[in-house]
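Colleague: Model the structure of this input:
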Amino acid sequence: MENKVLGVIKNNLEDENMLVITESRFSEDLGLNSYQFISLISDLEDELGIEMEENEILKIRTVGQLIEYVQNCCTE
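Modeller: Down below sits the predicted model:
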C-alpha cells in the first residue's frame, strides 16, 4: 500500500526524482499548493478505488499521515 501511495505522490510532483519520505510535508517540502494536493488525493482515490473524507483530508500534512489514513481506510 505504501508503495502505491508513494507512486501516486511522485507522479504528482514536478520533479519525480524528488526524495519523498514519510516525514515530507506536502506544502513545505514537496512544494504542492492546495490545488495540486487535491489533485493528488483525487488520483489516489481513483488508483485505489477509495473515497476519502474531506474533513480528514484537511488534517493531513505529511506523507506518513496520508499513508496511515489510506491504510486505515482500506482495512475498514
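Colleague: elements contacting the biggest helix by length in the chain?
Modeller: Taking DSSP state H as the criterion, the chain has its longest helix at helix 34-48. If you count contacts as 3 or more C-beta pairs under 8 Å, 6 or more residues apart in numbering; DSSP states H and E, helix 34-48 packs onto helix 2-11, helix 63-75. Bear in mind the C-beta positions are built from the backbone N, C-alpha and C, glycine included.
Colleague: how about a cut-off of 10 Å?
Modeller: For helix 34-48, the packing partners by 3 or more C-beta pairs under 10 Å, 6 or more residues apart in numbering; DSSP states H and E come out as helix 2-11, helix 54-57, helix 63-75.
Colleague: what's next to the first one, contact-wise?
Modeller: Helix 2-11 has contacts (C-beta atoms under 10 Å, 6 or more residues apart in numbering) with 16-18, 20-22, 24, 26, 30, 32, 40-48, 63-64, 66-71, 74.
Colleague: quick one: average confidence on that helix?
Modeller: For helix 2-11, the mean pLDDT works out to 94.
Colleague: Can you get me a residue count around Val5?
Modeller: Using other C-beta atoms under 10 Å, Val5 has 22 other residues around it.
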